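*Asks:* Got a predicted structure plus its sequence, pasted below:
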Amino acid sequence: MLAIRAEPRTFNSLTVPDTTTEILASLTQAKLVRINRVTDELEPWLAESWTRSDDGLRYVVKLRPNASFSDGHPLTASDVVFSLAAAYAVRSVAITLEVDGKRLRAEATDPQTVTITFPATFAPGLRMLERLPVLPRHKLEATLSSGAIDKALNLATPPSELVGPGPFVLKEYLPGQRLVYGRNPHYWRRDAAGGQLPYLDRVIVEIVPDTNTQLLRLESGQTDMTTGEVPAESYASIKRAADANTLKLYDLGPGLNANALWFNLKPGSMGADPRAAWLQRDQLRQAISMAVDRKLFADTVYLGAGVPVFGPITPANKRWYWSGTPQTPHDPAAAKALLATIGLADRNGDGVLEDAGGKPAQFTLLTQKGRSPLERGVAVIRDELKKIGLVVDIAALDGGAMIQRIVASKYDAVYFNPTWSDTDPAASADFWLSSGSFHYWNAEQKTPATRWERQIDDLIVKQMHSIDEQERKRLFDSVQTIFAEHLPVVYFVAPHIFVAASTRVVNATPALWAGPQLLWSPDTVAVAR
């Protein structure tokens, strides 16, 4: 039994790629290839093997001959071709499966073979398809043809119609309470000894919105695991339970993601606001990075369980982290001097910086309401910046309202938790490229707004198209150097990730990736009898 925070919005992982949907999809769906969440390596999954052409454009993929869907219908290459077509019918998914704005082509050359052709060399290769669930053509072909694939597999769909090649099938859904999953009798995978997977006969997913309630249920034995990490403020009680051997507590080290601060850098978004003269300047962000004491930040926000970071790639991303990233010293005096170079000075001796027109250097910082690391984080930022004369007003909004403000570029600054879809930068190009929709500070630019963004664009494109791993690393180190110089997003601390489970859970392999850290491989998890 496990607990999730949010009610599912759909059973269609193509249309709503949120944490709840991904967790539930991991139980019922399967993909052509899988990224091992512990090793970060690409593994064959529904694909048994593949070969790549010398130019890196074409992959010939052999499917497992015994794979089928949960209704017993054989899974063939035509289902893979169909799934890619379905993904391209959903724009938000389609852009994640494009290279240079062009789509992949898939052809079923025989029932067990699919040839996938990329429009250009793409270094991560089939890793891109880890996001693509293989859907049943025999169930959904008519829906795709009618243009309604985005409405398919909604919450009103009978469980018997939710067909997938994953280890479990949905048996019961009680809105607001629970989902009950049973073993898929047609599941294709076996363990190393030849035993049929999954090990579990049943998985009960309880909907428990409050994190504290989830942890209390875990401590009392009412649930076996949660799908998120243990918050810093709950660590002490969970550690006592682990010391008493009533729970297992895993310290996974620094996380892959760190909460981040960024400003609205979209040209013209501030209209005639005179603050644009300093609010959108590199020097402001550089000064903030110097003004915030990262050790204080870690101690206050994460109770000491965190490491300072100075860019978007944390030490947890062992392949792409660059130890040479410039590390901003904590130097409030230097921060204040830097602000003076963009016209911010304490002109009347009241401790608050003013601009050239005598108006206070003041901005509003948005964050998501109800998430304690974010709320504690903005409080630290506000207090640290007050010491150098900047006035920060905090506005905590519901998640939906905050996202609307970001998308509309109606904000001064945001402190939030952007997460990576993949550890490989080429697979996360939507963040790095100026044209990307997740280029938070100034998204979907027609042409790069700054010279340094153009430089990053050029480097990422070269990095994406190179199949020389050493060259890719060199190029991405250069990207991180430019990013650290201009700081479009300011990072402070990567928190340690702690997860907990019942002592009766066995075979769990906890991973750093956001989402179900303990249930990313649900077919091999078991419980002691």
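*Replies:* Done, it's in.
*Asks:* helices and strands of this protein: which one bottoms out on pLDDT?
*Replies:* Using mean pLDDT, DSSP states H and E, helix 91-94 stands out as the lowest-scoring helix or strand of the chain, at a mean of 84.
*Asks:* So which bits of that helix are buried?
*Replies:* V93 (16 or more other C-beta atoms under 10 Å). All C-beta atoms are positioned from the backbone trio N, CA, C, and that covers glycine.
*Asks:* The residue sitting furthest away from the middle of the chain sits in which helix or strand?
*Replies:* Centroid-distance maximum for the chain: N348 at 45.4 Å, with C-alpha atoms, centre = their mean. Per DSSP states H and E, N348 falls between elements, in no helix or strand.
*Asks:* Repeat that for A337.
*Replies:* Using DSSP H and E, A337 falls in helix 332-340.
*Asks:* residues in contact with that helix?
*Replies:* With contacts defined as C-beta atoms under 8 Å, 6 or more residues apart in numbering, helix 332-340 is touched by 278, 283-284, 286-288, 290-291, 345, 353, 361, 387-390.
*Asks:* now, which of those residues lie within helices?
*Replies:* Taking DSSP state H as the definition of helices, those contribute W278, Q283, L284, Q286, A287, I288, M290, A291.
*Asks:* how about CSV for those residues, with neighbour count, pLDDT and distance to P136 added?
*Replies:* As requested, the ones in helices among the contacts of helix 332-340 are exported to CSV (neighbours: other C-beta atoms under 10 Å; pLDDT from 0 to 100; distance: C-beta to C-beta, whole Å):
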residue, neighbour count, pLDDT, distance to P136
W278, 19, 96, 56
Q283, 17, 98, 55
L284, 23, 98, 52
Q286, 20, 97, 53
A287, 28, 98, 55
I288, 25, 98, 51
M290, 21, 98, 55
A291, 25, 98, 55
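*Asks:* Which pair in those residues has the greatest spatial separation?
*Replies:* W278 and M290 (15.8 Å; C-beta to C-beta).
*Asks:* tell me what the least confident helix or strand of the chain is packed against?
*Replies:* helix 77-88 (3 or more C-beta pairs under 8 Å, 6 or more residues apart in numbering; DSSP states H and E).
*Asks:* ok, what's across the strand from the closest residue to E130 other than its chain neighbours?
*Replies:* Counting by C-beta to C-beta, 6 or more residues apart in numbering, E130 lies nearest to I35, which is 4.9 Å off, once chain neighbours are set aside. Going by DSSP bridges, I35 is paired in beta bridges with L42.
*Asks:* residues near I35, how many?
*Replies:* Residues lying near I35 (other C-beta atoms under 10 Å) number 23.
*Asks:* My guess is it contacts L129. True?
*Replies:* No. With contact defined as C-beta atoms under 8 Å, I35 does not count as touching L129 (10.3 Å).
*Asks:* So for stretch 75-92, what gets flagged as buried?
*Replies:* 75-77, 79-90.
*Asks:* circling back to that earlier point, report the separation between the residue nearest to E130 and P44.
*Replies:* 12 Å (C-beta to C-beta, to the nearest Å).
*Asks:* Show me where this structure dips below the pLDDT cut-off.
*Replies:* Along the chain, segments meeting pLDDT under 70 span 515.
*Asks:* returning to that earlier point: pick the one among the buried residues of stretch 75-92 closest to A6.
*Replies:* V90 (20.7 Å).
*Asks:* contacting residues around the closest one?
*Replies:* L14, T15, I149, D150.
*Asks:* what kind of secondary structure is the residue lying closest to the last one once chain neighbours are set aside in?
*Replies:* Read it as D150. Leaving aside its chain neighbours, D150 sits nearest to T15 (4.9 Å; criterion: C-beta to C-beta, 6+ apart). Counting by DSSP: H, G, I helix; E, B strand; the rest coil, the backbone at T15 sits in coil.
*Asks:* how much space between T15 and A94?
*Replies:* From T15 over to A94 (counting by C-beta to C-beta), the distance is 12 Å.
*Asks:* Tell me which residues of stretch 247-258 come out buried.
*Replies:* L247, K248, L249, Y250, L252, P254, G255, L256, N257, A258.
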